[in-house]
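> The sequence and its predicted three-dimensional model are supplied below.
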Amino acid sequence: MSSLQVLTKGEPEPGARPTPGGQESGRRARLAAGALKVWSRVEIWVISRVAVIGSLLLLGSMVKVSDQPWDASSGWAAHRFAAFDSGQFLRIAESGYFPGPVRCCSQAFFPGYPLLMRAIAPLLGGHEIWAGMLITLVAGVIAAALLWRLAAEHGGPAAGQVAVAALALNPLSLFMAVVYSEALFLALALAAWLLARRGRWWWAGLAAAGATAVRVNGLFLICALAVMFVIQLYRRRPGVRWYAGASLALPVVPVATYFAWLHSQTGSWTEWNDAEKLGWDRRLAAPWTGLAQGWSDAFLNGRVSIPATADLVAVLVGLAVTVALVVRRRWPEVTYMGLNMVVLVCSTTLTSSARYTLTWIPMYILLAEILARPGRRWLQMLLAAAAIPLLVFFTGAWTLRWFIG
């Protein structure tokens, strides 16, 4: 066996004694091989984030937009990554939910992301904006790696690459390169999903608890995991016992704790929902109300609104994905997507629906399975050609501070 084979396989040559130096070389070779393996899975994602961040900085330097800096000492560049809901996260991280006379509507945002920003900020000179960016970028890489693994388990390595590319080229993926909570939620939700698939339910419950601390749609994740658990019990999966279902109580704790804290501060158990109504006029309504309102917003007075059209198209795509999952009898995925769709169409507004697609895990898996089939390269290129200009448009819209959901 050659020396090269010894390094790559980590096996000593016959009759040779392993030396400390040889062991160290083998360890370094394995670490390098592992790093290359991980890089091959997240390469598309990292390149796309560099492109988006570079575009935000370049466009920001070309277009003069007057900002009210949250933290002037954090520098001009930091404020290219904070707009719209970023302000809510920064306010919570810096001053809490009820700073002085301000009583609405930060309550609509769950505390996981801003509290983590507050915890990390001292390591970054006390700048919450940079803390938020660090969380977003690290969580984004983790989410891409986990998405690759989940898609590869369904459709092989090619499906893993397609799933990551689909996430990276999502026209609203710029929100996973700024101070928003989608990247952190997606990383935790994917971790919970993968751990649950492996029957490691207590770890899955902990990961899901992290997800519910970040976004309210973590409740949909709990329901999907519960369906997955019942299926594993029914099929008598080895190592899965009925009492492991108690792990699904863990994700309820952050939600219950947050709602109880809001009640202690305001005296209302409906404070979160009240903030949604007051801040965004988002209320439960009759079925299909959201679709009707989405159509009206997209084509109001004969004018086409690209952001509102994107929200409407996102919901229609989500409904189609849900139907496709029902046909395939993939019930945990149906549960997750179905609950997302019910909340959207039974709402008074579809605002931000396009951004919510970043968290629709089953959509990426299904898309990857379809596009990774032999002979579908042309379809991959066609969808990429359609998505990239939209990603550029929305990145420019963010720079100009145009509302994009």
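The structure has been received and is ready for your questions. Numbers count the residues shown, from 1 in each chain.
> Going along the chain, name the helices of the stretch 101-250 of the chain.
For the stretch 101-250 of the chain, applying DSSP state H, counting those that start in this stretch gives helices covering 112-120, 128-155, 157-168, 182-197, 201-214, 218-234.
> who's in contact with the third one?
In other words, helix 157-168. Helix 157-168 is contacted by residues 41-42, 44-45, 47-49, 143-144, 147-152, 173, 358, 364-365, 367-369, 371-372, 380, 383-384 when judged by C-beta atoms under 8 Å, 6 or more residues apart in numbering. Yep, even glycine has a C-beta here, placed from its N, CA and C like the rest.
> Next, give phi and psi for residue 63.
When read as degrees, to the nearest 10, the backbone of residue 63 gives phi -110, psi 120.
> Show the pLDDT at it.
Predicted confidence (pLDDT) for residue 63: 83.
> contacting residues around it?
So residue 63 contacts 399-400 (C-beta under 8 Å, 6+ apart).
> any idea how far residue 108 is from residue 249?
The gap separating residue 249 from residue 108 is 25 Å, by C-beta to C-beta, to the nearest Å.
> Please identify which of the two sits among more neighbours.
residue 108 (20 against 12; other C-beta atoms under 10 Å).
> Tell me, how many residues neighbour residue 177?
Neighbours around residue 177, by other C-beta under 10 Å: 24.
> And it, how far from residue 403?
18 Å.
> Likewise for residue 374?
Distance from residue 374 to residue 403, by C-beta to C-beta: 42 Å.
> For those two, indicate the residue with more neighbours.
Shown here are residue 374 and residue 403; by other C-beta under 10 Å, residue 403 has more neighbours (11 against 6).
> you'd agree that one is up against residue 305?
No. Counting by C-beta atoms under 8 Å, residue 403 stays clear of residue 305, with 9.9 Å between them.
> Are we agreed that residue 97 is in a helix?
No. Counting by DSSP: H, G, I helix; E, B strand; the rest coil, residue 97 falls outside a helix, being coil.
> what sits against residue 395?
52, 55-56, 59, 174.
> tilt between the helix or strand containing it and helix 157-168?
Element membership for residue 395 (DSSP states H and E) is helix 377-399. Here the directions of helix 377-399 and helix 157-168 differ by 30 degrees (axes from the mean of the first three to the mean of the last three C-alpha atoms, to 10 degrees).
> Show me where the stretch 201-350 of the chain dips below the pLDDT cut-off.
Of all residues in the stretch 201-350 of the chain, none has pLDDT under 70.
> one more time with 90
Flagging of the stretch 201-350 of the chain using pLDDT under 90 yields the residue ranges 236-240, 274, 277-291, 293-294, 297-307, 349.
> if you skip the residues just before and after it, what's nearest to residue 402?
residue 307 (7.9 Å; C-beta to C-beta, 6 or more residues apart in numbering).
> While we're on residue 71, how confident is the model there?
70.
> same for the longest helix belonging to the chain, what does it pack against?
Ordering each helix of the chain by length in residues (DSSP state H) puts helix 20-62 first. Other elements packing on helix 20-62 under the criterion 3 or more C-beta pairs under 8 Å, 6 or more residues apart in numbering; DSSP states H and E are helix 3-9, helix 128-155, helix 157-168, helix 377-399.
> Just send the ones you listed back as a markdown table, with mean pLDDT and distance to residue 349 too.
As requested, the helices and strands packed on helix 20-62 are exported to a markdown table (pLDDT from 0 to 100; distance: least, C-beta to C-beta, whole Å):
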| stretch | mean pLDDT | distance to residue 349 |
| --- | --- | --- |
| helix 3-9 | 37 | 56 |
| helix 128-155 | 96 | 25 |
| helix 157-168 | 96 | 25 |
| helix 377-399 | 93 | 19 |
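> Mind checking these for the one nearest to residue 88?
Counting by C-beta to C-beta, residue 88 lies closest to helix 128-155 out of these; the figure is 11.4 Å.
> And the strands in the stretch 251-400 of the chain, which stretches?
Using DSSP state E, counting those that start in this stretch, no strands are found in the stretch 251-400 of the chain.
> Now stretch 361-370: buried residues?
361-369 (16 or more other C-beta atoms under 10 Å).
> ugh, typo on my part, it should be stretch 309-320
Buried-residue list, stretch 309-320, by 16+ other C-beta under 10 Å: 309-312, 314-315, 317-319.
> CA atoms only for it, dumped as PDB, please.
This file holds the C-alpha atoms of stretch 309-320, laid out as PDB (Å, rounded to 0.1, in the frame of the first residue of the first chain):
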ATOM      1  CA  THR A 309     -47.700  39.200  -6.700                       C
ATOM      2  CA  ALA A 310     -44.800  37.300  -5.100                       C
ATOM      3  CA  ASP A 311     -46.900  36.700  -2.000                       C
ATOM      4  CA  LEU A 312     -49.800  35.400  -4.000                       C
ATOM      5  CA  VAL A 313     -47.700  33.200  -6.200                       C
ATOM      6  CA  ALA A 314     -45.900  31.800  -3.000                       C
ATOM      7  CA  VAL A 315     -49.200  30.700  -1.500                       C
ATOM      8  CA  LEU A 316     -50.400  29.100  -4.800                       C
ATOM      9  CA  VAL A 317     -47.100  27.200  -5.000                       C
ATOM     10  CA  GLY A 318     -47.500  26.200  -1.300                       C
ATOM     11  CA  LEU A 319     -51.000  24.900  -2.000                       C
ATOM     12  CA  ALA A 320     -49.700  22.900  -5.000                       C
END
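> Check what contacts that stretch and list those residues.
So stretch 309-320 is contacted by 171-172, 290-291, 294-295, 297-299, 337, 340-341, 344-345, 350-354, 356-357, 360, 363, 390, 405 (C-beta under 8 Å, 6+ apart).
> ditto for stretch 185-203
Contacts of stretch 185-203 (C-beta under 8 Å, 6+ apart): 113, 139-140, 142-143, 146-147, 149-150, 153, 176, 204-205, 207-208, 210-211, 214-215, 217-218, 221, 224-225, 228-229, 232, 237-240, 244-245, 247-248, 250-251, 358-359, 361.
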